[in-house]
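1. Sequence first, then the predicted structure:
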Amino acid sequence: MTLPLLVAVPADVRAFETYVWHCSPDTYLKAILKGAGAVPVIVPALSEGFDVEALLSRFDGVLTTGSASNVHPERYGVAPSARHEPYDRDRDTLSVAMIRGAVRLGLPLLAICRGHQELNVAFGGTLATEIQELDGRHDHRAPELPEQAERFAIRHPVRVEAGGRLREIVGAEEIRVNSLHRQAVDRLGEGLAVEARAEDGTVEAVSVAGAEGFTLGVQWHPEYWVESDPASAAIFRAFGAACRAYRGS
Ligand SMILES: N[C@@H](CCC(=O)NCCCC(=O)O)C(=O)O
């Protein structure tokens with residue numbers, strides 16, 4: 001029997017009906033299955049109760065998802081304000097630990113949107129909030145439309161840096177991406193390399209320079225169109241291949 005590839009996904013913590021849930025949107029889980037050929041495993045945000053790096057030794061990759069919640073600004077030395085809310089501090093704790101552990105172990109890491117921001121913070125970087133209010137910046141928030149497919153519609157170009165990991169994956173100097181965020185990388189984390197930028201300079205993708213394993217953070221959402229958009233499919237294919245290679249290593 002061949003053991004399936006397993007990808008760890010840190011849960012969000014949400015209150016719903018009369019319970020607190022540890023959960024993750026199905027679009028990421030389906031993209032891991034269909035795009036990377038791996039089985040997603042949601043890890044509850046209870047990392048005070050277990051050794052995260054020991055847990056990661058049971059996995060072949062890590063994917064950190066997007067979320068409407070924001071990384072708590074105290075994690076990057078900024079005083080909290082209503083402009084940084086809503087928070088999910090248990091998600092912060094688990095996700096940052098999984099990111100650092102994955103990079104240390106050489107475990108493939110794909111970090112998406114909030115996950116991309118967590119990657120930057122995990123390496124000592126900072127985030128800007130409400131970037132649409134900053135001079136010269138575009139509005140990167142989701143359009144206020146009812147249909148999810150309209151909110152996640154592909155709508156702006158990003159320039160892919162020459163010679164980087166992402167350029168190798170997508171094979172193009174420009175791709176078009178979707179955008180559903182109001183925060184973004186401000187000061188780049190120690191040892192991170194910019195892999196793509198939007199026209200307004202927003203950092204849209206990063207990698208960990210010199211990392212042993214596959215590491216890619218993207219501000220957009222390749223999971224949403226993984227079955228129809230070539231660049232999205234290429235990202236998940238490369239992540240899956242890295243997980244298979246890691247399993248074989
Ligand atoms: N909260 C952060 C990260 C944004 C993000 O992960 N968006 C995912 C989709 C959220 C939605 O459905 O609205 C930020 O705002 O920058």
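-> That came in fine, so what should we check first? Remember, it's a predicted structure, so these values are computed and weren't measured experimentally.
2. All the helices of the chain, residue numbers only.
-> 26-36, 52-56, 89-105, 114-122, 148-151, 165-170, 230-248 (DSSP state H).
3. Now do the shortest one: distance to the chain's middle.
-> Centroid separation between helix 148-151 and its chain, computed with C-alpha atoms, centre = their mean, to the nearest Å, is 19 Å.
4. Rounded mean pLDDT for that helix, please.
-> When pLDDT is averaged along helix 148-151, the result is 97.
5. What residues sit buried inside it?
-> For helix 148-151, the neighbour count (16 or more other C-beta atoms under 10 Å) marks residue 151 as buried. C-betas here are computed from N, CA, C, even on glycine.
6. Give me the residue ranges of this protein where confidence is low.
-> Within the chain, no stretch has pLDDT under 70.
7. and it, which of its residues are near the ligand?
-> Residues of the chain lying close to the ligand by C-beta under 6 Å from any ligand atom are 66, 67, 68, 69, 70, 113, 114, 142, 180, 181, 182, 183.
8. Could you save those residues as TSV and add columns showing distance to residue 100?
-> Formatted as TSV, the residues of the chain next to the ligand follow (distance: C-beta to C-beta, whole Å):
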residue	distance to residue 100
66	19
67	19
68	24
69	20
70	19
113	19
114	16
142	29
180	26
181	22
182	25
183	20
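9. Select only the buried ones of the residues you listed in ChimeraX?
-> Selecting the buried subset of these in ChimeraX, with 16+ other C-beta under 10 Å as the burial test, is done by:
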select :66,67,69,70,113,114,142,180,181,182,183
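10. which one of the helices of the chain is the most hemmed in?
-> helix 114-122 (a mean of 26; mean count of other C-beta atoms under 10 Å).
11. any idea of the angle it forms with helix 26-36?
-> 90 degrees (axes from the mean of the first three to the mean of the last three C-alpha atoms, to 10 degrees).
12. would you put the C-alpha positions of helix 114-122 in CSV?
-> Output of helix 114-122 as CSV, limited to C-alpha atoms (Å, rounded to 0.1, in the frame of the first residue of the first chain):
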residue,chain,number,x,y,z
ARG,A,114,-2.5,35.5,5.1
GLY,A,115,0.0,32.6,5.0
HIS,A,116,2.3,34.7,2.8
GLN,A,117,2.1,37.5,5.4
GLU,A,118,2.8,35.1,8.2
LEU,A,119,5.9,33.9,6.3
ASN,A,120,7.2,37.5,6.2
VAL,A,121,6.5,38.0,9.9
ALA,A,122,8.0,34.6,10.8
